[in-house]
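Undergrad: Dropping the sequence and predicted coords here.
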Amino acid sequence: MSGLGQDAFKGSSGERVVPHANTSRILGIRCISGPMCARLESERSGLNVSINSSKARGDTPTFANGIIYLDHAAGSVPPIQVLDATRDYLNELGKLGLVNPAFYEKASETTKETKKKLARFINAAHMDEIGLTKSGSESIGQVINGLDWKKGDEVVTSVLEIVPGYLPLVRLSKQKGVKLRTVGISKRGLVNLEALGRAINKRTRLVVLMQLSNSLGTLQPLEEAKKLIKESNALCLVNASQSIGQIRVDVRALDCDFLVAPCRKWLRGPQGIGLLYCRKELIEDLEPSHISWTTTKWISRTRYRHIGTAERFEAGELNFGTVRALNRALDYADEMGGIDSIRNRIRDLTSYLLKRLQESNDIDVYGEAESAIRGGIVAFDKRNISPEIVAKELAREGLIIEAGDFAAPLVLKTFHRDKWARVCVHYFNDTEDIDRFIAALGRLK
Ligand SMILES: Cc1ncc(COP(=O)(O)O)c(C=O)c1O
């Protein structure tokens, strides 16, 4: 394993990353002003918003329950329409029975329709490129374990990758003699492109890249990274776990070969369903991890053939309830004005959140200062109070955030930390939620 421990602590221009103290000042979080601030102010008085946030809040049961949910990176709150889709599914299952044609045919039709919608959502060429798995981890595993590795092959990733993306590569290097190269990040939290360029060579088979960091919230320069990969013929796996549902994810613009994500986060879908996009030309090259009656044709006693679509990654009966709920979540994102409106609203709320955090004189914020290069995730520390206590105390007030290493210890190590707190904003949050969060944070002593 090379690179780890060397690149991991260097910035994009090779500088050593500045440690924790006074981070917010070092990173220079800029105050927002002008039209954006005016818009957020006007939003408070119910004017000029591209998203109907009062409808979005009305559709989100946690608010009625007095809870301000700010941990969408772990798993967001599905709107009532998505919860109803699950309830309707279970009611129909109970009334009709699974293999009743009246039930099964509708479930199969919904599955097809959902794949078509997902394909459209990520601009895939065809629904045959869309596989439904149980989770983001399973989708990543299908790719990493499915390639035909040879000793001497190389794989490149960055310190941004988390347990389910990074450790399968470590295992690969141990079991198959594949060389793992790990690239560091700058103190802004962006992958070091120079180091990436140096790490990729003609033996590189796969590059695994995070689109939006779960621990820092930074949006990665995948356009530039893609150019480096293209020069090498390596395959590219994009981890879109934190980007799908909050920014436009376009597999053709990304020019990636594989893309993975769970659907319970920014998409506001259910738990237990993950997306695996596999470029059509590569489906036959990717051996599914499991063999099942749903994925594989038994030809003779010792011969079999996996089906030629991404359905080969769906071992066993799908949970049609989660599929139906995901279908509804995709419609709901459209009803909210579509992904660009969602992105704009999250970006504006993130600017406001960063501004409010910067006003507090005992808060350190990690990573990029500019909300244009961020999603709705902000990592921070309140000085002299452990992140766990911060999260626990806020939960007592009905404000749900999270503390820990976010399964990304290499990222935290870059900032000389082993834990921090993380707060997220989605389009159905508003500036008042942020104000309440900041006020509660201020009361902690
Ligand atoms: C960036 C990233 N990758 C992968 C995963 C794994 O997804 P899952 O929990 O569905 O396996 C997560 C989940 O938190 C994630 O944030």
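TA: That came through fine.
Undergrad: where does the stretch 251-400 of the chain dip in pLDDT?
TA: Applying pLDDT under 70 to the stretch 251-400 of the chain picks out no residues at all.
Undergrad: And the pLDDT at the closest residue to the ligand within the chain?
TA: Using Cβ to the nearest ligand atom, the single residue of the chain nearest to the ligand is G136, 2.6 Å away. Using the backbone N, CA and C atoms, a C-beta is placed for each residue, glycine as well. pLDDT recorded at G136 is 98.
Undergrad: check contacts around the spatially closest residue to it that is not a sequence neighbour.
TA: In this structure, G136 finds its nearest non-sequential neighbour in P262, 3.9 Å apart by Cβ to Cβ, 6 or more residues apart in numbering. Neighbour list for P262: S135, G136, S139, S241, Q271, I273, G274, L275 [criterion: Cβ atoms under 8 Å, 6 or more residues apart in numbering].
Undergrad: Three-state assignment for the closest residue to T309 other than its chain neighbours, please.
TA: Excluding the flanking residues, the one nearest T309 by Cβ to Cβ, 6+ apart is D128, at 3.9 Å. Recorded secondary structure, D128: helix (DSSP: H, G, I helix; E, B strand; the rest coil).
Undergrad: Can you report how many residues lie near D128?
TA: When neighbours are counted by other Cβ atoms under 10 Å, D128 registers 17.
Undergrad: Hmm, it is touching A310, no?
TA: Yes - counting by Cβ atoms under 8 Å, D128 does reach A310; the two are 6.2 Å apart.
Undergrad: Between these two, which contacts overlap?
TA: With Cβ under 8 Å, 6+ apart as the test, D128 and A310 both reach I283.
Undergrad: still on that earlier bit, ok, the residue nearest to G136 to G177 distance?
TA: Noted for P262: a distance of 31 Å to G177, by Cβ to Cβ, to the nearest Å.
Undergrad: Near the ligand, which residues of the stretch 201-350 of the chain are found?
TA: With Cβ under 6 Å from any ligand atom as the criterion, the stretch 201-350 of the chain comes near the ligand at residues N214, N239, S241, Q242, P262, G274.
Undergrad: coming back round to it: quick check: beta-bridge partners of the residue nearest to G136?
TA: G274 (DSSP bridges).
Undergrad: Can we start the residue count at 2 from this point?
TA: Sure thing, new numbering starts at 2, so read that last one as P263.
Undergrad: the helices in the stretch 252-401 of the chain, which residues?
TA: Taking DSSP state H, counting those that start in this stretch as the criterion, the stretch 252-401 of the chain contains helices spanning 252-255, 321-336, 340-360, 388-397.
Undergrad: just to revisit the earlier point, so how far is N66 from the residue of the chain closest to the ligand?
TA: G137 is 27 Å from N66, by Cβ to Cβ.
Undergrad: do I81 as well
TA: 12 Å.
Undergrad: now swap in A330 and tell me
TA: 20 Å.
Undergrad: higher neighbour count, those two?
TA: Neighbours were counted for A330 and for N66 using other Cβ under 10 Å; A330 has more, 25 against 9.
Undergrad: So that one is in contact with W267, correct?
TA: No - under the criterion of Cβ under 8 Å, A330 is not in contact with W267, lying 10.1 Å apart.
Undergrad: Count residues in the vicinity of the closest residue in space to D382 that isn't next to it in sequence, would you?
TA: Spatial nearest neighbour of D382, excluding adjacent residues (Cβ to Cβ, 6+ apart): D365 at 4.7 Å. Neighbours of D365 under the rule other Cβ under 10 Å: 22.
Undergrad: Mind giving me the packing neighbours of the helix or strand harbouring K116?
TA: Here K116 sits within helix 102-122, counting by DSSP states H and E. On a contact count with 3 or more Cβ pairs under 8 Å, 6 or more residues apart in numbering; DSSP states H and E, helix 102-122 meets helix 81-97, strand 131-134, helix 321-336.
Undergrad: hmm, back to that, need the contacts of P263 in JSON lines with neighbour count, can you?
TA: Formatted as JSON lines, the contacts of P263 follow (neighbours: other Cβ atoms under 10 Å):
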{"residue": "S136", "neighbour count": "19"}
{"residue": "G137", "neighbour count": "26"}
{"residue": "S140", "neighbour count": "29"}
{"residue": "S242", "neighbour count": "30"}
{"residue": "Q272", "neighbour count": "14"}
{"residue": "I274", "neighbour count": "24"}
{"residue": "G275", "neighbour count": "26"}
{"residue": "L276", "neighbour count": "28"}
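Undergrad: Nearest to T115 among those?
TA: Top of the list for closeness to T115, among these and by Cβ to Cβ, is I274 at 9.3 Å.
Undergrad: That closest one contacts R325, doesn't it?
TA: No - in this structure, I274 is not within contact of R325 by Cβ under 8 Å, at 10.2 Å.
Undergrad: give the contact list for the spatially most central residue of the chain.
TA: Taking Cα atoms, centre = their mean, the centroid of the chain lies closest to Q243, which sits 1.6 Å from it. Each residue near Q243 by Cβ under 8 Å, 6+ apart is listed here: A74, M211, Q212, L213, S214, N215, G218, K266, W267, G376, I378.
Undergrad: For F64, give me the pLDDT.
TA: 93.
Undergrad: name the element the closest residue to it other than its chain neighbours belongs to?
TA: Among residues not flanking F64 along the chain, R58 sits closest, at 5.1 Å (Cβ to Cβ, 6+ apart). Assigned by DSSP H and E, R58 falls within helix 54-59.
Undergrad: what about that helix, distance to the chain center?
TA: With Cα atoms, centre = their mean, to the nearest Å as the basis, helix 54-59 stands 23 Å off its chain's centre.
Undergrad: can you count the residues close to the nearest residue to D341 once chain neighbours are set aside?
TA: Using Cβ to Cβ, 6+ apart and skipping the chain neighbours, the partner closest in space to D341 is R249 (6.6 Å). If you count neighbours by other Cβ under 10 Å, R249 ends up with 15.
Undergrad: I343 is in contact with R249, correct?
TA: No - checked against Cβ under 8 Å, the pair R249 and I343 is beyond contact range at 9.3 Å.
Undergrad: Per the annotation, how does this structure divide into domains?
TA: The record assigns the chain these domain ranges, following automatic domain parsing: 14-71+338-444, 84-335.
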